[in-house]
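# My questions concern the predicted model and sequence given below.
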Amino acid sequence: MKGIIAVCAVAAYAGTASSQVMVFTDRASWEAAVGGSYTLEDFNGSSVQTIAPGATLDTGLLQVTRDGSPNANDGDLEIRPGTSFGNIDGTNFLYGETGITPHENTLFGFNGQQVYAFGGDFASPFSGDGINISAGGQLFSLDGIGFGTGFYGIVDLGGSSLGQVSIVGDPGDITFQELWQADNISYAAVPTPASAILLGIGGLLATRRKR
């Protein structure tokens with residue numbers, strides 16, 4: 001499934017990354033923490049392809065850029081079919097290699113929006129020194145998933161922007177590849193001031209109706 005999903009639930013979480021940003025290793029808990037609507041990209045509408053260094057794949061819901069770091073193009077970024085090793089649910093998925101130091105980064109764009117929540121289903125994002133989600137200048141390690149498959153997501157509970165979001169390798173001096181596979185990338189956009197006002201008016205009207 002691909003598109004905008006509405007979720008109404010009670011917030012729950014599974015770890016702390018900072019005073020505001022919480023780490024989740026369960027999709028249902030992440031959805032509960034978002035508590036509203038979010039966007040999900042499953043890559044099933046994207047053709048199998050290799051994303052060239054410096055190029056961007058625009059799915060309409062998500063922009064995925066291979067930053068082309070100066071490492072002799074040693075990394076890789078592809079849309080692979082569900083028949084490939086590393087698939088998560090038998091459908092198309094995003095496959096990445098960070099390359100040796102300096103690592104290539106995979107950058108995510110959200111149709112020009114800032115996001116306060118980001119997550120996805122990952123397979124084996126650990127091949128020695130680990131893979132991280134970089135957001136707002138912080139690194140969130142995916143190593144806890146190990147060689148298996150699992151959800152990993154982050155939410156700024158204050159609703160503030162996570163800033164630039166990317167997948168990166170370990171920041172240390174690594175002389176071999178780090179591999180990762182991701183699917184069902186999900187995010188929630190920071191409401192615009194106009195949207196926040198409309199939400200506030202809607203809540204006020206609902207309160208008045210109850211009276």
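Yep, it's here. Numbering: from 1, shown residues only.

# you'd agree Ala32 is in a helix?
Yes: under DSSP: H, G, I helix; E, B strand; the rest coil, Ala32 sits within a helix.

# What separation do you get for it and Val155?
10 Å (C-beta to C-beta, to the nearest Å). Every residue, glycine included, has its C-beta placed from N, CA and C.

# And these two? Which one has more around it.
Val155 (28 against 18; other C-beta atoms under 10 Å).

# For that one, I want the exact helix or strand it lies within.
Assigning secondary structure by DSSP states H and E places Val155 in strand 149-156.

# Tell me the helix or strand right after that strand.
Under the assignment DSSP H and E, the closest C-terminal helix or strand after strand 149-156 is strand 165-169.

# List the buried residues in stretch 67-82.
Neighbour counts over stretch 67-82 (16 or more other C-beta atoms under 10 Å) mark Asp67, Ser69, Asp74, Gly75, Asp76, Leu77, Glu78, Ile79, Arg80, Gly82 as buried.

# returning to that earlier point: mind listing what the strand holding Val155 pairs with, with the direction of each?
Sheet pairing for strand 149-156, assigned by DSSP bridges, gives strand 21-24 (antiparallel), strand 115-123 (antiparallel).

# deepest of those strands, which one?
Among those, the stretch with the highest mean neighbour count (mean count of other C-beta atoms under 10 Å) is strand 115-123, at a mean of 24.

# CA atoms only for the next helix or strand along the chain from it, dumped as CSV, please.
Once strand 115-123 ends, the next helix or strand along the chain (criterion: DSSP H and E) is strand 131-135. C-alpha atoms of strand 131-135 as CSV (Å, rounded to 0.1, in the frame of the first residue of the first chain):
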residue,chain,number,x,y,z
ILE,A,131,24.1,1.7,9.5
ASN,A,132,22.5,4.9,11.0
ILE,A,133,19.6,7.2,10.4
SER,A,134,21.0,10.7,10.5
ALA,A,135,18.4,13.4,11.5
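
# tell me the average confidence for the helix or strand just after strand 131-135?
Following strand 131-135 in sequence order, the next helix or strand is strand 138-141 (DSSP H and E). For strand 138-141, mean pLDDT rounds to 93.

# what packs against strand 138-141?
Packing partners of strand 138-141 (3 or more C-beta pairs under 8 Å, 6 or more residues apart in numbering; DSSP states H and E): strand 21-24, strand 131-135.

# would you list those strands in TSV and tack on distance to Tyr38 and mean pLDDT?
Compiled in TSV, the helices and strands packed on strand 138-141 are given as follows (distance: least, C-beta to C-beta, whole Å; pLDDT from 0 to 100):
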stretch	distance to Tyr38	mean pLDDT
strand 21-24	12	96
strand 131-135	16	92
